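my questions are about this predicted structure, shown below with the sequence.
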Amino acid sequence: DQQVKQNSPSLSVQEGRISILNCDYTNSMFDYFLWYKKYPAEGPTFLISISSIKDKNEDGRFTVFLNKSAKHLSLHIVPSQPGDSAVYFCAASAMVGGAQKLVFGQGTRLTINP
Amino acid sequence: GAGVSQSPRYKVAKRGQDVALRCDPISGHVSLFWYQQALGQGPEFLTYFQNEAQLDKSGLPSDRFFAERPEGSVSTLKIQRTQQEDSAVYLCASSLVDRGLSGYTFGSGTRLTVV
């Protein structure tokens, strides 16, 4: 049972344009949603997050939107830069047993073309 | 140290061999997590420590997997009698407090290949 899904395994965007990465979830108990960026041979790096009580969070070029009724979130990157090329993981968290356990999607490989 | 350190970076094991993977969390980080990432998939939760106490081991796939953190700092994930399906990247993460908005700091992982 995949609780967090990223249905696009890859995405290619031209430099300077907007990149939109999508994520769907099934569990209404998730209280935070996070995006991680991963380069090859490195661990995931925290990018941006949003609480389930918000519908938007912005940090520089990165904005995350949450649509709770649709159980959908998206990450917008604008303008896209070549250094943004990486695998992006959507993750959802819920407090279980005293810890914020993360449930990850399968990832989307973003390629920014010059 | 400045980040979460994992060793070895790469491990090739023959089927049936026992392996031990080490995680050095950021100094002072109370929470420590182990995740398993299979090829083409996202990381999946294995187990969680708060200091030396293992509070959740619900993600460990079988009794061949064992994790410990005896002094509340360094943690070791041990896999006994490795199988081919154990081949994956094993990620360790630590955090100072359990706050979803801050997320964790992940190490670079140990890539285990069972042949």
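It's in.

my guess is residue A:67 contacts residue A:55. True?
Yes - Residue A:67 lies in contact with residue A:55 (CB atoms under 8 Å); the separation is 7.2 Å. Bear in mind the C-beta positions are built from the backbone N, C-alpha and C, glycine included.

any idea what residue A:87 is bridged to?
With DSSP bridges as the criterion, residue A:87 is bridged to residue A:38, residue A:109.

residues in contact with the helix or strand containing residue B:76?
Per DSSP states H and E: residue B:76 is located in strand B:75-79. For strand B:75-79, contacts defined as CB atoms under 8 Å, 6 or more residues apart in numbering or on different chains pick out B:18-23, B:25, B:32, B:34, B:46-47, B:49, B:64-69, B:86, B:90, B:92, B:112.

and with 7 Å instead?
Residues from elsewhere that reach strand B:75-79 (CB atoms under 7 Å, 6 or more residues apart in numbering or on different chains): B:18-23, B:32, B:34, B:49, B:64-69, B:86, B:90, B:92.

need the buried ones from these selected in PyMOL.
For the buried members of the contacts of strand B:75-79, the matching PyMOL selection, counting by 16 or more other CB atoms under 10 Å in any protein chain shown, is:
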select buried, chain B and resi 19+21+23+32+34+49+65+67+69+86+90+92
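
which of the contacts of strand B:75-79 fall in strands?
B:19-23, B:32, B:34, B:49, B:65-68, B:90, B:92 (DSSP state E).

closest one of those to residue A:77?
residue B:92 (27.8 Å; CB to CB).

coming back round to it: name the nearest of the ones in strands among the contacts of strand B:75-79 relative to residue A:12.
Looking across the ones in strands among the contacts of strand B:75-79 and measuring by CB to CB, the closest to residue A:12 is residue B:90, at 30.3 Å.

against chain A, how distant is the residue lying closest to the closest one once chain neighbours are set aside?
Spatial nearest neighbour of residue B:90, chain neighbours left out: residue B:110 (4.9 Å); criterion: CB to CB, 6 or more residues apart in numbering or on different chains. Computed as CB to the nearest CB, to the nearest Å, the residue B:110 to chain A distance reads 11 Å.

so what's residue B:5 bridging to?
According to DSSP bridges, beta-bridge pairing links residue B:5 with residue B:24.

and the pLDDT at it?
You'll see residue B:5 listed with a pLDDT of 97.
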